[in-house]
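Trainee: give me the fold of what follows.
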Amino acid sequence: MQSSWVRLLVRAAAFEVNSPLSTVVEQLNIFQPDILFGYTTALKILGEQQRQGNLKIKPVSITASGEMVTRADVDFLAGCFGGVPIANIYACTEHMLMGFSNPDHETMTLADANLIFELYEDHSIVTNLFNYTMPLIRYRMSDILRPVSDEGVSPLVVESLVGRSEQMPSFLNASGVVDFISPHTINEIFVTGVTRFQMQISGDTSFRFPVCEEPGLSSHAQGLLVAAVEKRLQEILQQKGLSNVTFTVSIVQDIPVNQITRKFQLIVDAREA
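Mentor: Residues are numbered from 1 along each chain as shown. Below is the predicted model:
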């Protein structure tokens, strides 16, 4: 009954991040949202469109999630959208809401009533206590949480620079307009036999896509693997209106980590090498 009343009070809509940017802007101008939720990078792109006058919306609040949110991001978004409040929600698919930003935007309070956080120098382990259909699992995450308050004190407060962020790949479409592909779309390419891959931007309309394979695949299976990856990439580019962008897929023995950070990067700009 309550959900029926909510549908009468709230009109919600989702906009596909991998649609052409011009289409998303047009749809948002029609919808005129009061509250705007999204990935940090996507919101910043919309903010730039707002500054340029292409996007013309007046949200009363904005919530960023899924990626790191810096103080500069907060100031930028507030400046683009008339000083509206900016919130930062820390969440993931496995554990849902994990934390929320404090008013200072420098710290974040973790939702540790039903989650156990174990904090380490280069990762975190989270145990979910509210999912009764699953056994207790200490789930390792690559997120680095730096506590401000003493561990063992609830609620636990950490520095706000937390989340997963990747470089945003942008290309010129056939009309010469810059558009982007969400890193989350690239990250969710699943092809049997592929163990790791990386997008290496090589030009304004081109990229390389090396992949690592499971050991022991025959040459025939390798050919099928490459064809499947190519097909998925073509689908993503076509959906985004970037069919003019060219790419090559190759099987490699290894994809090295960043030599400075010692972390693996999903997307790199090979032009900067």
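
Trainee: could you name the helices and strands sitting against the one helix or strand residue 250 maps to?
Mentor: According to DSSP states H and E, residue 250 maps onto strand 246-251. Packing partners of strand 246-251 (3 or more C-beta pairs under 8 Å, 6 or more residues apart in numbering; DSSP states H and E): strand 206-213, helix 219-240. Where you see a C-beta, it was placed from the backbone N, CA and C, and this is true even at glycine.

Trainee: nearest to residue 193, out of these?
Mentor: Proximity to residue 193 (C-beta to C-beta) singles out helix 219-240 among the helices and strands packed on strand 246-251, at 4.6 Å.

Trainee: run through who's touching that closest one.
Mentor: 16, 18-20, 179, 181, 185-186, 189, 191-194, 197, 209, 211, 213, 217, 243, 245, 247, 249-251 (C-beta atoms under 8 Å, 6 or more residues apart in numbering).

Trainee: ChimeraX command to pick out the buried ones of these?
Mentor: In ChimeraX syntax, the buried subset of the contacts of helix 219-240 is picked out as below (16 or more other C-beta atoms under 10 Å):
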select :18,20,179,181,185,186,189,191,193,194,197,209,211,213,245,247,249,251
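
Trainee: residue ranges with poor pLDDT in the stretch 151-273 of the chain?
Mentor: Across the stretch 151-273 of the chain, the ranges flagged by pLDDT under 70 are 151, 161-166, 258-263, 273.

Trainee: the same query, at a cut-off of 80, please.
Mentor: For the stretch 151-273 of the chain, the stretches with pLDDT under 80 are 151-153, 160-167, 184, 257-264, 272-273.

Trainee: would you mind giving the helices and strands packed on strand 246-251 as JSON lines with distance to residue 110 added?
Mentor: Output for the helices and strands packed on strand 246-251, formatted as JSON lines (distance: least, C-beta to C-beta, whole Å):
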{"stretch": "strand 206-213", "distance to residue 110": "35"}
{"stretch": "helix 219-240", "distance to residue 110": "34"}
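
Trainee: which of these sits most buried?
Mentor: strand 206-213 (a mean of 18; mean count of other C-beta atoms under 10 Å).

Trainee: what lies in contact with that one?
Mentor: 169, 171, 191, 193-202, 222, 225-226, 229, 233, 245-255, 270.

Trainee: dihedrals phi and psi, residue 201?
Mentor: Note on residue 201: its backbone torsions stand at phi -70, psi 120 [degrees, to the nearest 10].

Trainee: wait, it touches residue 180, no?
Mentor: No: with contact defined as C-beta atoms under 8 Å, residue 201 does not reach residue 180; the gap is 11.3 Å.
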